[in-house]
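S.K.: got a predicted structure here, sequence first:
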Amino acid sequence: GRFSAAVPDDFVMIRKSMSPTLKNHTLNQFVWRKDPDFDDLFVYSHPTIKNSFMSKKQLTFIDLFAGIGGFHYAFDSIGGKCVFASEWDKNARITYEENFKQTSPELFEKDTNGQYKYFNGDINEVDYNEIPNFDVLCAGFPCQPFSIAGLRKGFEDTRGTLFFNIASIVNSKTECGHKPKVLLLENVKGLKNHQHGQTFDTLMRVLKEDLGYEVRTAVLNAKFFGVPQNRERLFFVCWDKEQIPVDDFVFPLGLKRDLSPIYKEEDVASCIETRVEDIFEPEESIPDKFTISDRMWEGHKARKERNRLNGKGFGYSLFKGDSIYCSTISARYWKDGSEILIDQSNVDKNPRKLTPVEAGRLQGYRILGEGWEKPEAANNQNNNSKLPEMKIVVSDKEAYHQFGNSVAVPVVRTLAYEINNQLLKHVK
């Protein structure tokens, strides 16, 4: 209105309280003028601040197969706004809403019938016309076979899978003139070899030829991004070259000790140093119920010996606090914890499972719990007070299941930053 009309073209006007990025920033040197009628309305002239914020101001995303919101945290961190989310698991929905209802209240609005407008429970029943337009689609979709793969009927080849819903949403938005700018997809590493490569080939053909995206893929390991977990996942970054005239996307392969991205495989040795004990709650605070029973411990050892004799190599995995990383946590961790057991021989106890708090920290969530065994870990790159706190509001069993299914947050947060810098800042 009156005030914005007086703002020169090379300035940006923003209410400081509306920006998660700027509200805690010292920007007095960038202020051109202050509106006397609005205490928190400023005009900033610094071009870096303007360019950075404007890209964030305009960024909207949707979160499909959302789980507990790993992608949501990632795009929140670059100022994104989630306009639609879909998750069918009732307990994951409880966790998701509890952790985002304060920062994204509009996502949980209900209609006059008491139904969520933008927090969908079954992706198969959603009306695509009711999904708000968006810039970025995020989805960690299940690995499923395509029963008619190879028939080349466009993305109809994927009908019967949950990927078909992704393709259908993108196609629907494209047909009405609002093609998503970027797709960020995640799956297990084994997808590349699933059905002898046919699944991967079909996905790539649909994304490139039928939906019209430039596509890059990479397998990223969480252990190079500051969490002590050997977790490899396959990521797809897809962008519409008509809207983003960029020829390539370079994946970050890890984070250096100064948190800058690593782009070359030969440099991953310079990544953030980690120890499994970085995620530990104080030893004295951990209840005895997390120490496995004599019977379970003997069963683990016997099973591992049988597998060794049979040449399978499967069995429990035991780690100490100073181990630089542990195995991949899975959704079945709640059953017996066999993939990640913590050695307690120093206190003459059987091994223990991770607590739910530790399981969440292993995926890079900031969870306060009972504190940290190593006080310095409370302020590392995953736990410092500038990051949002994740609250556990479900049973231990469900928490293990949810964290085992989650993306590693530092990986997708780094990807979000790179997508913003390499792609979204170049939108026409």
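M.R.: Great, that's in hand. Numbers count the residues shown, from 1 in each chain.
S.K.: select the longest helix from the chain.
M.R.: Assignment by DSSP state H gives helix 294-309 as the longest helix of the chain.
S.K.: pull out the buried residues from that helix.
M.R.: 296, 297, 300, 303, 304 (16 or more other C-beta atoms under 10 Å). C-beta here means a position set from N, CA and C on the backbone, and glycine is covered the same way.
S.K.: now the two most distant members of those.
M.R.: The span of the buried residues of helix 294-309, defined through C-beta to C-beta, is set by 296 and 304 at 12.6 Å.
S.K.: so for the host helix or strand of residue 219, what's the average pLDDT?
M.R.: Counting by DSSP states H and E, the element that carries residue 219 is strand 214-221. Taken as a whole, strand 214-221 has an average pLDDT of 98.
S.K.: all helices of the protein, in order?
M.R.: 47-58, 70-76, 90-100, 162-175, 198-205, 294-309, 333-336, 356-362, 396-405, 409-422.
S.K.: could you dump stretch 247-262 to CSV, C-alpha only?
M.R.: Provided in CSV are the C-alpha atoms of stretch 247-262 (Å, rounded to 0.1, in the frame of the first residue of the first chain):
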residue,chain,number,x,y,z
ASP,A,247,22.0,-28.0,-17.0
ASP,A,248,23.1,-30.0,-14.0
PHE,A,249,22.7,-30.6,-10.3
VAL,A,250,25.7,-31.6,-8.2
PHE,A,251,24.8,-33.7,-5.2
PRO,A,252,26.4,-33.0,-1.9
LEU,A,253,28.0,-36.2,-0.7
GLY,A,254,28.6,-35.1,2.9
LEU,A,255,29.3,-32.2,5.1
LYS,A,256,32.8,-30.9,6.1
ARG,A,257,33.6,-30.0,9.7
ASP,A,258,32.6,-26.4,9.0
LEU,A,259,29.3,-27.7,7.6
SER,A,260,30.1,-26.7,4.0
PRO,A,261,29.0,-29.4,1.5
ILE,A,262,31.4,-32.0,0.0
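S.K.: how about low-confidence regions in the stretch 101-250 of the chain?
M.R.: For the stretch 101-250 of the chain, applying pLDDT under 70 flags the ranges 143-160.
S.K.: would you map the strands across it?
M.R.: Secondary structure of the stretch 101-250 of the chain (DSSP state E, counting those that start in this stretch): strands located at 119-120, 136-140, 182-188, 214-221, 232-239.
S.K.: residues making contact with stretch 421-428?
M.R.: For stretch 421-428, contacts defined as C-beta atoms under 8 Å, 6 or more residues apart in numbering pick out 51, 55, 59, 135-136, 181-182, 237, 239, 242-246, 249-250.
S.K.: what about that stretch, start to end distance?
M.R.: End-to-end span of stretch 421-428 (C-alpha to C-alpha, to the nearest Å): 14 Å.
S.K.: give me the mean pLDDT for that stretch.
M.R.: For stretch 421-428, the mean pLDDT works out to 94.
S.K.: for that stretch, buried residues please.
M.R.: Neighbour counts using 16+ other C-beta under 10 Å place 422, 423, 424, 427 of stretch 421-428 among the buried residues.
S.K.: a markdown table for those, including distance to residue 204?
M.R.: A markdown table is the format used below for those (distance: C-beta to C-beta, whole Å):
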| residue | distance to residue 204 |
| --- | --- |
| 422 | 20 |
| 423 | 19 |
| 424 | 23 |
| 427 | 24 |
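S.K.: distance of residue 321 from residue 231?
M.R.: According to C-beta to C-beta, to the nearest Å, residue 321 and residue 231 sit 19 Å apart.
S.K.: the two: which is more packed in?
M.R.: Taking neighbours as other C-beta atoms under 10 Å, residue 321 and residue 231 compare with residue 231 leading, 22 against 17.
S.K.: which residues does the more buried one contact?
M.R.: When contacts are counted by C-beta under 8 Å, 6+ apart, residue 231 touches 221, 222, 223, 328, 329, 408.
S.K.: neighbours of the first one, how many?
M.R.: Residue crowding around residue 221 was assessed by other C-beta under 10 Å; the count is 21.
S.K.: can you check the pLDDT for residue 362?
M.R.: 98.
S.K.: quick one: it and residue 279 touch, right?
M.R.: Yes: counting by C-beta atoms under 8 Å, residue 279 is a contact partner of residue 362 at 5.4 Å.
S.K.: so which of those two has more stuff around it?
M.R.: Counted by other C-beta under 10 Å, residue 362 and residue 279 do not tie: residue 279 has more neighbours, with 31 against 28.
S.K.: go ahead and confirm the more buried one touches residue 228.
M.R.: Yes: contact criterion C-beta under 8 Å: residue 279 and residue 228 qualify, at 6.7 Å.
S.K.: joint contacts of those two?
M.R.: Counting by C-beta under 8 Å, 6+ apart, the shared contacts of residue 279 and residue 228 are residue 362.
S.K.: between residue 362 and residue 279, what contacts are shared?
M.R.: 227, 228, 354.
S.K.: export the residues you listed as JSON lines, with columns for distance to residue 403 and neighbour count.
M.R.: Listed next are the shared contacts of residue 362 and residue 279 as JSON lines, based on distance: C-beta to C-beta, whole Å; neighbours: other C-beta atoms under 10 Å:
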{"residue": "227", "distance to residue 403": "12", "neighbour count": "27"}
{"residue": "228", "distance to residue 403": "14", "neighbour count": "22"}
{"residue": "354", "distance to residue 403": "9", "neighbour count": "26"}
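S.K.: closest to residue 381 out of those?
M.R.: Distances from residue 381 to the shared contacts of residue 362 and residue 279, taken as C-beta to C-beta, are shortest for residue 227 (9.4 Å).
S.K.: roughly how far apart are that closest one and residue 274?
M.R.: According to C-beta to C-beta, residue 227 stands 7 Å off from residue 274.
S.K.: cool, and residue 360?
M.R.: Separation of residue 360 from residue 274 (C-beta to C-beta) stands at 16 Å.
S.K.: ok, residue 203 next?
M.R.: 32 Å.
S.K.: and the two? which has more neighbours close in?
M.R.: Each of residue 203 and residue 274 has its neighbours counted (other C-beta under 10 Å); residue 203 has more, 28 against 24.
S.K.: my read: the more buried one touches residue 163, true?
M.R.: Yes: Residue 203 lies in contact with residue 163 (C-beta under 8 Å); the separation is 6.7 Å.
S.K.: rewinding a little: off-centre distance for the longest helix of the chain?
M.R.: Helix 294-309 has its C-alpha centroid displaced from the chain centroid by 35 Å (C-alpha atoms, centre = their mean, to the nearest Å).
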